[in-house]
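Participant: One predicted model, sequence on top.
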Amino acid sequence: MATQVPPLDTAAAGRLPVNVIAAGGRLIVVAPVPGVVPEQIRVVLDGRRLRVQVEAPPEAGHEYLLHEWTTPALERLVELPADVSWPVTASVVNGLLTVALARSAEPPTGPIEITPSGDHPARAHLHVDVDLSAVDLRGS
């Protein structure tokens, strides 16, 4: 059964840029999410479709003297180029959302828990299981 993902207000939401990287037996999806905490991100996998939704943070209530930018709500539906399976890991480190998916013949469906930045075991797990040292995550 497919997981129902409520759409964001597309008039207000921007398109989240992503990089999809093949790394051995995994697909790695990387997206910039500066200033966003894991609680503001929802990642759902439905077969080969990965939906990422980022809520806009609440306004801080500052008296701005100059206010040139805000962090908008962002959303992206990524059609993955290969079937994937569990385990799927997601983390936010240094303003980058990284979702690591194992390639498989039986695609899973469901929400994905996002690990906060810092010295969390999932962060080490990503670096042990997926060698990203030779991959340019910035897309340049």
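Facilitator: Structure's in. What do you need? Remember, predicted model here, so these are calculated numbers, not experimental data.
Participant: which helices and strands sit right next to the strand ranked longest in the chain?
Facilitator: Longest strand in the chain by number of residues (criterion: DSSP state E): strand 84-93. Packed against strand 84-93 by the contact rule (3 or more CB pairs under 8 Å, 6 or more residues apart in numbering; DSSP states H and E) you find strand 41-46, strand 96-103, strand 109-112, strand 114-115, helix 121-129. The C-beta positions use only the backbone N, C-alpha and C, and glycine is treated the same way.
Participant: Out of those, point me to the one whose mean pLDDT is lowest.
Facilitator: For the helices and strands packed on strand 84-93, the weakest mean pLDDT is recorded on helix 121-129, namely a mean of 32.
Participant: What's the separation between the closest residue to V84 other than its chain neighbours and S91?
Facilitator: Closest residue to V84 apart from its sequence neighbours, by CB to CB, 6 or more residues apart in numbering: L101 at 3.9 Å. Look at L101 and S91: by CB to CB, to the nearest Å, they are 13 Å apart.
Participant: and if you look at E59?
Facilitator: 27 Å.
Participant: Of those two, which one has the most company?
Facilitator: Counting neighbours by other CB atoms under 10 Å for E59 and for S91 shows that S91 has the greater number, 21 against 9.
Participant: That one contacts V37, correct?
Facilitator: No - judged on CB atoms under 8 Å, S91 makes no contact with V37 at a distance of 12.0 Å.
Participant: Give me the neighbour count for the closest residue in space to G95 that isn't next to it in sequence.
Facilitator: The spatial neighbour of G95 that comes closest, neighbours along the chain excluded (CB to CB, 6+ apart), is P34 at 4.0 Å. Neighbourhood size, P34 [other CB under 10 Å]: 8.
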